[in-house]
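Q: below are the sequence and a predicted model; questions follow.
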Amino acid sequence: MKTVIEEPTAVETSTKELERNLIKSMAGNYRVSFKFAETFSPIKDYQYHDRHFSSAKEVVLLLEDSADKIVLQHILYVGNHLIKHWRQDWHYENRELWTLVKDHQWKKEVLSAEKVKGTWTQKVYQVDDAPRYEGYGTWVHVDGRHFWESTADAALPRREISTAGRTDYNILRRHSHIEIFNDGSWILEQDNEKIRRNPDQSETLICMEKGLETLEPKAYDAAKVDSFWNSQKAFWADVREIWQTIFEEQELITILDDEGLYTAQFELAKQFEQENYHQEKAQVAIKNLLAKHLEGFSA
């Protein structure tokens, strides 16, 4: 029997366009604050870790805007120091999802068209454009509010590794709520579960955590950010292109040395800045680096 493809209704088309505009509105200059606090543990003698509070400037750049895909690159601006931060790609009715096995290993999952109808997938990447977590959900528009929610498993955040040295859990199950406000601000609110996934795939809940990232519009001169990104954007475009090939060809991705990869990737980005950029040489260097850090990948 021939498959009948239904054309979207006028309501579906207008809703999708509203959601595209909401996602794109996350681009801009902001003052960002990060707040995290552990709230509950089923372990009787659990020692709660210190709360985390920090803030900085953050510029969110719109890198790509097509009918079914929007790419936003975050640049963290701490004092005079600039850091290529996380990246979020939004895909409409996306069927391919990379889900975390544990630590820094992901497997490909294919969803049915029915399951993802009307949804947007947020694919979040680490500072070196390696995968971090991916979740999908439907945007909700009610009583003048606009928000999106999803659940996704992620590797340990860097604040837990570099500062706290956490080894008691290997999965951060993120229950994320993103909400866009009329004043131009937006939040990423999290109700997280810190979980130890055991070799037999059973799970032990270590504790719960509340997280709140607030981005408030801030008028400041972002010329330094623009200069920084323009000097490296060709290199990072190559990184994204090579990762995309890996996503298409692999079924399992295992990063052997997460810290070593992103540290070396940042050094490569400096090496191929501005007039020192040469696409063929940059791509060879990127592939050679990934070959050292990705299990089963050869340049």
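A: Good, I have the coordinates. Note that the structure is predicted; figures quoted are calculated from it, not measured.

Q: local confidence estimate at Ala164?
A: In this model, Ala164 is scored at 60, pLDDT.

Q: what about the helices in the stretch 51-200 of the chain?
A: 113-116, 158 (DSSP state H, counting those that start in this stretch).

Q: most packed of the ones you listed?
A: Mean neighbour count (mean count of other C-beta atoms under 10 Å) peaks for helix 158 among the helices of the stretch 51-200 of the chain, with a mean of 13. Heads up, the C-betas are built off the backbone N, CA and C, glycines and all.

Q: that older thread, looking at the helices of the stretch 51-200 of the chain, which is closest to Ser55?
A: helix 158 (16.4 Å; C-beta to C-beta).

Q: average pLDDT for the lengthiest helix in the chain?
A: Under DSSP state H, the helix in the chain containing the largest number of residues is helix 223-249. The average pLDDT for helix 223-249 rounds to 96.

Q: now do stretch 287-296
A: 95.

Q: would you mark the buried spots in that stretch?
A: Within stretch 287-296, the residues scored as buried using 16 or more other C-beta atoms under 10 Å are 287, 289-290, 293-294.

Q: same check on stretch 15-34?
A: For stretch 15-34, by 16+ other C-beta under 10 Å, it's 15-16, 19-20, 22-23, 26-34.

Q: now, those residues that are in strands?
A: 28-34 (DSSP state E).

Q: want to throw these into JSON lines with pLDDT?
A: What follows is those, written out as JSON lines (pLDDT from 0 to 100):
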{"residue": "Gly28", "pLDDT": "96"}
{"residue": "Asn29", "pLDDT": "96"}
{"residue": "Tyr30", "pLDDT": "97"}
{"residue": "Arg31", "pLDDT": "96"}
{"residue": "Val32", "pLDDT": "96"}
{"residue": "Ser33", "pLDDT": "97"}
{"residue": "Phe34", "pLDDT": "96"}
